[in-house]
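Colleague: how does the following fold in three dimensions:
(one chain, ligands or ions: 1)
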Amino acid sequence: MSIRSLFIPALSLSVLLQPTPAQELKPIALPQPQTVGGRPLMQALRDRKSTREFSREPLSLQTLSNLLWAGFGINRPETGHRTAPSAMNSQEVALYVALAEGLFFYDATAHQLQPVLAKDIRAQTGSQPFVREAPVSIIFVADLARLTKAKPGEREFYAGIDTGFISQNIYLYCASEGLATVVHAVDHAVLGRAMPLRPEQKVILAQAVGHPKR
Ligand SMILES: Cc1cc2nc3c(=O)[nH]c(=O)nc-3n(C[C@H](O)[C@H](O)[C@H](O)COP(=O)(O)O)c2cc1C
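Modeller: Residues are numbered from 1 along each chain as shown. I've put the predicted structure just below:
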């Protein structure tokens, strides 16, 4: 390889750094979640913990399906209610799923991953080393405009609480399946630049998930 070829011209570098349109990503149809099995609840509570070392091995589609459904899937289709409670049933917290292949939005109604951005933004979800290793990062984004029944000054408070329930569901699912996970703070400026968000959307936290490092 010549020395010249090691230098990327400024123009092509800026092209590389542009987010690729989401049209290049296809929706991912998730298999039906498996709602039986796993370790019993008391054992999952016994084993729940934060883990900060991950294997880079991806999660299977079935595990991703189970994980997202456990986190904030629809468990009562007749009413559209979810596995986690939300203030006044506002369901204002969206789960964005950052994978190596790109960023997706978890559509709980269709139980599908909808493409958002054809770019791996896992490294932008936090400053700790595990964000580059875990195959899945779930980014909790609250749409504060959905909390119409709450006073404006209380909306972020409810969004934080509602995120906590979802995060704990994910912790318990991971404990039940022997997966590794940790919820973590985000750099809002960095993630805000990496994700296409509307002004009323606020990133609350992120949660890394994967297999434990062997
Ligand atoms: C709101 C919140 C924010 C957190 N932020 C981080 C974080 O930025 N980085 C991290 O490594 N852990 C983070 N954690 C995980 C805590 O450090 C962890 O839960 C705590 O040390 C207790 O450990 P355990 O979860 O294993 O019981 C956070 C937890 C919560 C609830």
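Colleague: over to the residue nearest the centre of the chain. Which of the three states is it?
Modeller: In the chain, the centroid-proximal residue (CA atoms, centre = their mean) is I138; its distance is 1.4 Å. Taking DSSP: H, G, I helix; E, B strand; the rest coil as the rule, one finds I138 in the strand state.
Colleague: quick one: contacts for L191?
Modeller: Listed by CB atoms under 8 Å, 6 or more residues apart in numbering, the contact set of L191 reads 121, 124-125, 139, 203, 206. From N, CA and C alone the C-beta is placed, and that goes for glycine too.
Colleague: for my notes, confirm it occurs in a strand.
Modeller: No: read with three-state DSSP, L191 is helix and lies in no strand.
Colleague: any idea how far A142 is from it?
Modeller: 13 Å (CB to CB, to the nearest Å).
Colleague: go through the protein and flag its longest helix.
Modeller: helix 155-177 (DSSP state H).
Colleague: and the next helix or strand past that one?
Modeller: strand 180-184 (DSSP states H and E).
Colleague: and that next one, what does it pack against?
Modeller: helix 155-177, strand 201-210 (3 or more CB pairs under 8 Å, 6 or more residues apart in numbering; DSSP states H and E).
Colleague: as JSON lines, those with mean neighbour count, distance to P129 and mean pLDDT would be great.
Modeller: Converted to JSON lines, the helices and strands packed on strand 180-184 look like this (neighbours: other CB atoms under 10 Å; distance: least, CB to CB, whole Å; pLDDT from 0 to 100):
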{"stretch": "helix 155-177", "mean neighbour count": "20", "distance to P129": "19", "mean pLDDT": "98"}
{"stretch": "strand 201-210", "mean neighbour count": "23", "distance to P129": "11", "mean pLDDT": "98"}
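Colleague: out of those, which is closest to D47?
Modeller: helix 155-177 (4.2 Å; CB to CB).
Colleague: what comes into contact with the closest one?
Modeller: By CB under 8 Å, 6+ apart, helix 155-177 touches 38-39, 41, 43-49, 63, 66-67, 70-72, 83-87, 90, 92-93, 95, 138, 140, 142, 144, 147, 150, 179-181, 183, 202, 204-205, 207, 209.
Colleague: restricting to C-alpha, output that helix in PDB.
Modeller: What follows is helix 155-177, C-alpha atoms only, in PDB (Å, rounded to 0.1, in the frame of the first residue of the first chain):
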ATOM      1  CA  ARG A 155     -43.000  15.900  32.500                       C
ATOM      2  CA  GLU A 156     -39.200  15.100  32.700                       C
ATOM      3  CA  PHE A 157     -39.700  13.700  36.200                       C
ATOM      4  CA  TYR A 158     -42.400  11.200  35.000                       C
ATOM      5  CA  ALA A 159     -40.300  10.400  31.900                       C
ATOM      6  CA  GLY A 160     -37.400   9.500  34.200                       C
ATOM      7  CA  ILE A 161     -39.500   7.300  36.400                       C
ATOM      8  CA  ASP A 162     -41.200   5.500  33.400                       C
ATOM      9  CA  THR A 163     -37.700   4.900  31.900                       C
ATOM     10  CA  GLY A 164     -36.700   3.300  35.200                       C
ATOM     11  CA  PHE A 165     -39.500   0.700  35.000                       C
ATOM     12  CA  ILE A 166     -38.500  -0.300  31.500                       C
ATOM     13  CA  SER A 167     -34.800  -0.500  32.400                       C
ATOM     14  CA  GLN A 168     -35.600  -2.800  35.300                       C
ATOM     15  CA  ASN A 169     -37.700  -5.000  33.100                       C
ATOM     16  CA  ILE A 170     -34.600  -5.300  30.800                       C
ATOM     17  CA  TYR A 171     -32.400  -6.000  33.900                       C
ATOM     18  CA  LEU A 172     -34.700  -8.800  35.000                       C
ATOM     19  CA  TYR A 173     -34.900 -10.300  31.500                       C
ATOM     20  CA  CYS A 174     -31.100 -10.300  31.300                       C
ATOM     21  CA  ALA A 175     -30.800 -11.900  34.800                       C
ATOM     22  CA  SER A 176     -33.400 -14.500  33.800                       C
ATOM     23  CA  GLU A 177     -31.400 -15.400  30.600                       C
END
